[in-house]
Structures are given as structure tokens and as C-alpha cells.
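**Q** Let me see the structure of the following:
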Amino acid sequence: MIELEIVTPTRPLLKTLCKSVTLPGSDGEFQVLPGHVPMLVGLKPGTVQYEDKKLVIAAGYAETDGKRVAVICEGAAWPHEIDLASEKTLLEQLEAKLLQTTAEDEKNLKAVEAQIESVTARISVL
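**A** All right, here's what the predicted structure looks like:
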């Protein structure tokens with residue numbers, strides 16, 4: 001078994017034992033099993049899966065030593081905490097904003113794209 005802990009700036013979300021955990025790495029999804037090589041990896045917004053449970057996280061970091069996985073992220077939510085209608089409305093607003101953002105305004109373009117990625121991740125966990 002491996003200990004999984006997920007914390008955000010506003011709350012500790014989870015601390016449990018599990019057989020494995022799948023995380024949304026910045027370079028792609030990866031799975032951590034007991035005995036995994038120690039590593040520190042960046043996370044993108046997406047779904048964390050362990051046992052038969054799922055939750056969504058915002059960008060952050062994960063550290064493992066083979067016995068424990070610690071996830072520190074900007075935000076996280078259980079599926080029952082997400083309002084699908086609100087998320088779809090927000091996604092539509094962000095997509096409209098993206099169409100209005102020029103390629104020359106790279107900072108705003110990246111910010112809107114990151115927001116879209118987060119909203120899409122929250123919708124996907126439902």
C-alpha cells in the first residue's frame with residue numbers, strides 16, 4: 001500500500017492508503033505504485049484516480065518516495081462539489097474570451113488557456 005495525501009492552500013483534501021494512484025503529470029498521465037522511484041513532478045489540471053475514486057486537481061506538484069505520494073496543488077474538488085451547469089457556462093465565457101485575445105497578447109492568451117484547461121478538467125471528472 002502507498003499513502004496518498006492531497007492538500008491545497010485552503011484545505012487538506014485527502015489522506016488515505018491505496019494500492020496505486022494515477023496523476024496528471026505535466027508531461028502526461030502516470031501511475032505510482034508502492035516502491036516507486038523517488039521523484040518530484042509538476043502536475044497539470046486533471047483527474048487523480050486511486051482505487052475506484054476520482055477527484056480533480058488544479059496545477060501543482062507531486063512528490064513520492066515509494067511509500068507515500070504527496071500532492072500539493074492550487075485547488076482540488078470531489079465530483080459532488082462541482083456544478084456542471086456553472087462549469088459549462090464558465091467554459092463558454094472563457095472560449096469567447098479566447099477568441100477575442102490576440103496572439104500578440106501572449107500573457108493573457110496563456111492565462112485564458114490555463115483557465116480553460118482547469119474548467120475542462122473539472123467537467124471531465126463528472
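
**Q** so how many other residues sit close to Trp78?
**A** When neighbours are defined as other C-beta atoms under 10 Å, Trp78 has 13 of them. All C-beta spots, glycine's among them, are computed from the backbone N, C-alpha and C.

**Q** Would you check how far apart it and Val112 are?
**A** Per C-beta to C-beta, to the nearest Å, Trp78 is found 26 Å from Val112.

**Q** For the worst-scoring helix or strand of the chain on mean pLDDT, buried residues please.
**A** Between all helices and strands in the chain, the lowest mean by mean pLDDT, DSSP states H and E belongs to helix 106-124, at a mean of 88. Residues 112, 115-116, 118-119, 121-122 are the ones in helix 106-124 that count as buried (16 or more other C-beta atoms under 10 Å).

**Q** Pairing partners for the helix or strand that contains Val56, with directions?
**A** In this structure, Val56 is located in strand 53-57 according to DSSP states H and E. Sheet partners assigned to strand 53-57 using DSSP bridges are listed as strand 46-50 (antiparallel), strand 76-77 (antiparallel).

**Q** among those, which is the most enclosed?
**A** The highest mean neighbour count among the strands paired with strand 53-57, using mean count of other C-beta atoms under 10 Å, belongs to strand 46-50: a mean of 21.

**Q** was I right about Gly35 contacting Gly66?
**A** Yes - counting by C-beta atoms under 8 Å, Gly35 does reach Gly66; the two are 4.9 Å apart.

**Q** Going by residue numbers, what spans are helices in this structure?
**A** Using DSSP state H, the helices of the chain run over residues 84-100, 106-124.

**Q** Ok, which of those comes nearest Leu4?
**A** Leu4 sits nearest to helix 106-124 of all those, at 18.2 Å, using C-beta to C-beta.

**Q** Quick one: work out the angle between the closest one and strand 46-50.
**A** 40 degrees (axes from the mean of the first three to the mean of the last three C-alpha atoms, to 10 degrees).

**Q** helices or strands next to helix 106-124 in the packing?
**A** Using 3 or more C-beta pairs under 8 Å, 6 or more residues apart in numbering; DSSP states H and E, the elements in contact with helix 106-124 are strand 46-50, strand 53-57, helix 84-100.

**Q** Redo the ones you listed as TSV? Include mean pLDDT and distance to Arg11.
**A** Output for these, formatted as TSV (pLDDT from 0 to 100; distance: least, C-beta to C-beta, whole Å):
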stretch	mean pLDDT	distance to Arg11
strand 46-50	96	15
strand 53-57	96	13
helix 84-100	92	20
